[in-house]
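Trainee: Kindly return the folded structure for what I paste below:
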Amino acid sequence: MPETIRTHYLLAVENLKPRMVSNRPEWYNHVVNLPTQQQAVYTTLLLDYQVKTEGFVGYLTSSFGMFATQALTNLEKIGSVKHFHILQNVLDSVNKEPIEDLSQYDQQYQAIEDENLNELLVSFLDENA
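Mentor: Residues are numbered from 1 along each chain as shown. Presented below is the predicted three-dimensional model:
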């Protein structure tokens, strides 16, 4: 992980106490009130890790799913067109029907090769320093 991303991630979680994570409203408020750069790093890294390890169903049905709209907004801010569109399609899909099989979106997400989230985050952080 690039140092600038690591630094912003550590700042994002610096005051995030275990009791806050177990209290969803408190955790949510902490994250949505983070400075823009820290929130972008935190929500993007959570999304990317969860989708790559658990898929979109795992991400959305876990506590991390409460940050999906923030992740979507932050993907747009950092210029991640492909990841943004896939997450947008996922959210549109689950807003119409119950969460079921999202494996087609998992596959699309995993197949992205020409859009590097770390590079986009570093550029975003540099531009908004």
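
Trainee: Tell me the helix or strand right after the helix-or-strand element of the chain with minimal mean pLDDT.
Mentor: Here the helix or strand of the chain ranked lowest by mean pLDDT, DSSP states H and E is helix 18-21, holding a mean of 89. The helix or strand immediately downstream of helix 18-21 is helix 24-32, counting by DSSP states H and E.

Trainee: Summarise which helices and strands that next one is packed against.
Mentor: When contacts are defined as 3 or more CB pairs under 8 Å, 6 or more residues apart in numbering; DSSP states H and E, helix 24-32 sits against helix 18-21, helix 36-61. All C-beta atoms are positioned from the backbone trio N, CA, C, and that covers glycine.

Trainee: And the ones you listed: which comes nearest T7?
Mentor: Set against T7 and scored by CB to CB, the helices and strands packed on helix 24-32 come closest in helix 36-61, at 8.9 Å.

Trainee: got the buried residues for the helix or strand following the closest one?
Mentor: Beyond helix 36-61 on the C-terminal side, the first helix or strand identified by DSSP H and E is helix 68-78. For helix 68-78, burial by neighbour count (16 or more other CB atoms under 10 Å) applies to A68, Q70, A71, L72, N74, L75, K77, I78.

Trainee: The third one and R19: what is the separation?
Mentor: Noted for A71: a distance of 24 Å to R19, by CB to CB, to the nearest Å.

Trainee: same check, this time on the second one
Mentor: Counting by CB to CB, the gap from Q70 to R19 is 21 Å.

Trainee: ditto for the fifth one
Mentor: Relative to R19, N74 is positioned 25 Å away (CB to CB).

Trainee: three-state assignment of E100?
Mentor: Assigned with DSSP: H, G, I helix; E, B strand; the rest coil, E100 falls in the coil class.

Trainee: Let's see the pLDDT reported for it.
Mentor: The model reports E100 with a pLDDT of 78.

Trainee: now N116
Mentor: 98.

Trainee: hang on, the earlier thing: what's the least confident stretch among the helices and strands packed on helix 24-32?
Mentor: When these are compared on mean pLDDT, helix 18-21 scores lowest, with a mean of 89.

Trainee: What are the contacting residues of that helix?
Mentor: Residues outside helix 18-21 that contact it (CB atoms under 8 Å, 6 or more residues apart in numbering): E26, W27, H30, S63.
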